[in-house]
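Participant: pasting the structure only:
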């Protein structure tokens, strides 16, 4: 039975020349778990909004084609009826909040669909428990971290209990452990009630074994390919990569060693556990390489930032306590920690947006308090967790050139730099578009491009790859490395340990309100007990290396 039938659905926003979602035909079956993938800007989020009936009922857009859910066209439903059938977890959780506290937000949706007080109370207690939000039930939503906001939005959706869950990047703001827990939560929810799950994800590494069908969309419109995940990632991974779509690390590596004739998988593994079971069954043992030399050399560059015992609170809630670390000129540091650890708050202290209650912050050996705010802002670029917070112009072109124009740069220089940035960040077709009309991935690229266009000596990026496809992430990270090679310093807040392993020189870990670790990435990923406490996962690529070494050195393929 089909939950949703999509026929020729196309969506175009006002003032846009091209449709955000080109014509699409698709069927979504009752009880299916679907992974919807595609490059940034192909219309995945627009499809999600249409499935819930928000387009065109709430969000102005031209919609053509038909969209039927449970054998009824969406136009025939009221908003309350639509919420009972299809629920959406927005890519940016802040956009769906309208109440002050977590509890009020969860209750508000249930009141709107007319549930009884007894049912509201029962569902409230249940979702607070399964999302781990019980201790935050009376917290103001504006004070929560990005990850906790994501959990609050999840609780709101679970409380409504619709037939179809549309999850737009549901784990993007979550730490690795929370991501695993929440995917399992969604899978269990669907299994208990024969629900339909539509995961819209750029980087899904967990839970693939529960996915029934992968659907990949083309940038220019339509379905690129679809099929069971084992078939798609084994036989068609190269097509996905050509389109800039992420292939999970286990699948990418499994496909490579199979193509090299080192092993024939049966079945093709979707996670590390399946990989290890098959290797064990064939008598293959991990071959660990010699441990790296952790006697790191002292940085020769002088300190750019020195933090000594920084402490900060929001009201009565202590967020940071005695945080100390050093960032040297030219270093690329990853700032890591579980949801609510205080990473974004620390970034606000470093940019001068907030002031510490206690402790001292030095910039180039001079107390930060002795700098004027405008001096700090001139020296420091900050890419917000929500890119919309930094947009001030009406077009992508104006946003990119604003800083150069304000400093009186040569018009020829501005034109040349603009064209380069539009190309590098894949925004050429959007140069005249309003920044607020871009997809989440495009907004993210624009916000990073604006900061890279400046002449700051320190860049702080809060989850810069959230909402990015594979090609967008790679382009951004390579630009950051080039910027670092020119002498810039970088602090990147991220939950993506693969990026940390690949690009960062050092790691700053916040845990239990303080600095739990600062040092090189190799050393960091050897701290097993600390990583477990801080909800950090060792990158899958690191875990696979010993197995790959064993396969490469065996005398005969298996």
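Facilitator: Structure's in. What do you need? Just so it is clear, the model here is predicted, and its values are computed rather than measured.
Participant: compute the first-to-last residue distance for stretch 327-343.
Facilitator: End-to-end distance for stretch 327-343: 15 Å, by Cα to Cα, to the nearest Å.
Participant: what mean pLDDT does it have?
Facilitator: The average pLDDT for stretch 327-343 rounds to 95.
Participant: tell me the pLDDT of residue 32.
Facilitator: 95.
Participant: flag every buried residue along stretch 444-458.
Facilitator: For stretch 444-458, a neighbour-count test (16 or more other Cβ atoms under 10 Å) marks 444-454, 456-458 as buried. The C-beta positions use only the backbone N, C-alpha and C, and glycine is treated the same way.
Participant: quick one: terminal-to-terminal distance for that stretch?
Facilitator: 18 Å.
Participant: and it, average pLDDT?
Facilitator: Across stretch 444-458, the average pLDDT comes to 86.
Participant: tell me which element residue 310 falls in.
Facilitator: Assessed by DSSP states H and E, residue 310 sits inside strand 303-314.
Participant: for that strand, the averaged confidence score.
Facilitator: 95.
Participant: beyond it, next helix or strand please.
Facilitator: Sequence-wise, the next helix or strand downstream of strand 303-314 (DSSP H and E) is strand 317-328.
Participant: quick revisit: now the strand holding residue 310: buried residues?
Facilitator: Neighbour-count burial for strand 303-314, counted by 16+ other Cβ under 10 Å, picks out 304, 305, 306, 307, 310, 311, 312.
Participant: now do stretch 370-377
Facilitator: 371, 376.
Participant: can you check stretch 416-426 too?
Facilitator: Buried-residue list, stretch 416-426, by 16+ other Cβ under 10 Å: 417, 418, 421, 422, 424, 425, 426.
Participant: of the residues you listed, which belong to strands?
Facilitator: Nothing among the buried residues of stretch 416-426 maps onto strands, per DSSP state E.
Participant: any chance of those in a markdown table, plus distance to residue 437?
Facilitator: As requested, those are exported to a markdown table (distance: Cβ to Cβ, whole Å):
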| residue | distance to residue 437 |
| --- | --- |
| 417 | 23 |
| 418 | 19 |
| 421 | 19 |
| 422 | 16 |
| 424 | 21 |
| 425 | 16 |
| 426 | 16 |
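Participant: out of the residues you listed, which two sit at the greatest distance?
Facilitator: Maximum pairwise distance among those (Cβ to Cβ): 16.2 Å, between 417 and 426.
Participant: for residue 403, helix, strand, or coil?
Facilitator: Following DSSP: H, G, I helix; E, B strand; the rest coil, residue 403 is assigned to helix.
Participant: what's the burial count for it?
Facilitator: 17 (other Cβ atoms under 10 Å).
Participant: now swap in residue 429 and tell me
Facilitator: Neighbouring residues of residue 429 were enumerated by other Cβ under 10 Å; the total is 13.
Participant: point out where the stretch 351-500 of the chain drops to low pLDDT.
Facilitator: Within the stretch 351-500 of the chain, no range satisfies pLDDT under 70.
Participant: where along it do the strands fall?
Facilitator: Under the criterion DSSP state E, counting those that start in this stretch, the stretch 351-500 of the chain contains strands at 358-363, 366-367, 380-383, 458-462, 489-493.
Participant: run me through the strand neighbours of the last one, direction for each.
Facilitator: Think strand 489-493. Partner strands and pairing direction for strand 489-493 (DSSP bridges) are strand 332-336 (parallel), strand 458-462 (parallel).
Participant: switch those over to a markdown table; also include distance to residue 280.
Facilitator: Conversion of the strands paired with strand 489-493 to a markdown table gives the following (distance: least, Cβ to Cβ, whole Å):
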| stretch | distance to residue 280 |
| --- | --- |
| strand 332-336 | 31 |
| strand 458-462 | 40 |
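Participant: right, and the ones you listed - which one's nearest residue 43?
Facilitator: Each of those has some distance to residue 43 by Cβ to Cβ; the shortest is strand 458-462, at 26.0 Å.
Participant: and the angle from that closest one to strand 358-363?
Facilitator: Counting by axes from the mean of the first three to the mean of the last three Cα atoms, to 10 degrees, strand 458-462 lies at 130 degrees to strand 358-363.
Participant: which parts of the stretch 251-400 of the chain are helices?
Facilitator: Applying DSSP state H, counting those that start in this stretch to the stretch 251-400 of the chain gives helices spanning 272-281, 343-351, 373-379, 396-406.
Participant: export the buried residues of strand 303-314 to TSV and tack on distance to residue 259?
Facilitator: As requested, these are exported to TSV (distance: Cβ to Cβ, whole Å):
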residue	distance to residue 259
304	45
305	46
306	49
307	48
310	50
311	54
312	51
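Participant: check these and tell me the two furthest apart.
Facilitator: The span of the buried residues of strand 303-314, defined through Cβ to Cβ, is set by 304 and 311 at 21.6 Å.
Participant: surely residue 241 meets residue 256?
Facilitator: No: here residue 241 does not reach residue 256: they are 11.7 Å apart, not a contact under Cβ atoms under 8 Å.
Participant: show residues contacting the longest helix along the chain.
Facilitator: Ranked by number of residues, the top helix in the chain under DSSP state H is helix 176-193. Defining contact as Cβ atoms under 8 Å, 6 or more residues apart in numbering, one finds that helix 176-193 is touched by 31, 33, 130-132, 147, 151, 154, 158, 161, 165, 167, 170-171, 174, 195-197, 199, 206-207, 210, 338-339, 495, 497, 535-537.
Participant: give me the subset of the residues you listed lying in helices.
Facilitator: Filtering those for helices - DSSP H - leaves 130, 147, 151, 154, 158, 497.
Participant: and the buried residues of stretch 444-458 as a markdown table, adding distance to residue 401?
Facilitator: Shown next, in a markdown table, are the buried residues of stretch 444-458 (distance: Cβ to Cβ, whole Å):
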| residue | distance to residue 401 |
| --- | --- |
| 444 | 19 |
| 445 | 16 |
| 446 | 12 |
| 447 | 15 |
| 448 | 16 |
| 449 | 11 |
| 450 | 9 |
| 451 | 14 |
| 452 | 13 |
| 453 | 8 |
| 454 | 12 |
| 456 | 16 |
| 457 | 21 |
| 458 | 22 |
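Participant: mind checking which of the helices of the stretch 251-400 of the chain is nearest residue 20?
Facilitator: Per Cβ to Cβ, nearest to residue 20 of those: helix 396-406, 15.0 Å.
Participant: let me see the ranges of the strands in the stretch 51-200 of the chain.
Facilitator: According to DSSP E, counting those that start in this stretch, the strands that the stretch 51-200 of the chain contains are 62-69, 72-73, 86-89, 164-168, 196-200.
Participant: rewinding a little: out of the buried residues of stretch 444-458, who's nearest residue 464?
Facilitator: For these, the residue nearest residue 464 by Cβ to Cβ is residue 448; the value is 5.4 Å.
Participant: right, and the closest one touches residue 464 too?
Facilitator: Yes: in this structure, residue 448 is within contact of residue 464 by Cβ under 8 Å, at 5.4 Å.
Participant: overlap in contacts, these two.
Facilitator: By Cβ under 8 Å, 6+ apart, the residues touching both residue 448 and residue 464 are 383, 476.
Participant: distance-wise, check residue 65 relative to residue 49.
Facilitator: Note on residue 65: its distance to residue 49, by Cβ to Cβ, to the nearest Å, is 14 Å.
Participant: ok, the two, which is more surrounded?
Facilitator: Remark: of residue 65 and residue 49, residue 49 carries more neighbours, 23 against 15, as counted by other Cβ under 10 Å.
Participant: other residues contacting the host helix or strand of that one?
Facilitator: Taking DSSP H and E as the criterion, residue 49 maps to helix 44-51. The contact list for helix 44-51, computed with Cβ under 8 Å, 6+ apart, reads 4, 6, 9, 11, 20-21, 24, 36, 38, 55, 59, 61, 63, 67, 69, 74, 86, 88, 91, 164, 166, 168, 198, 200, 217, 439-440.
Participant: rounded mean pLDDT for it, please.
Facilitator: Mean predicted confidence for helix 44-51 is 92.
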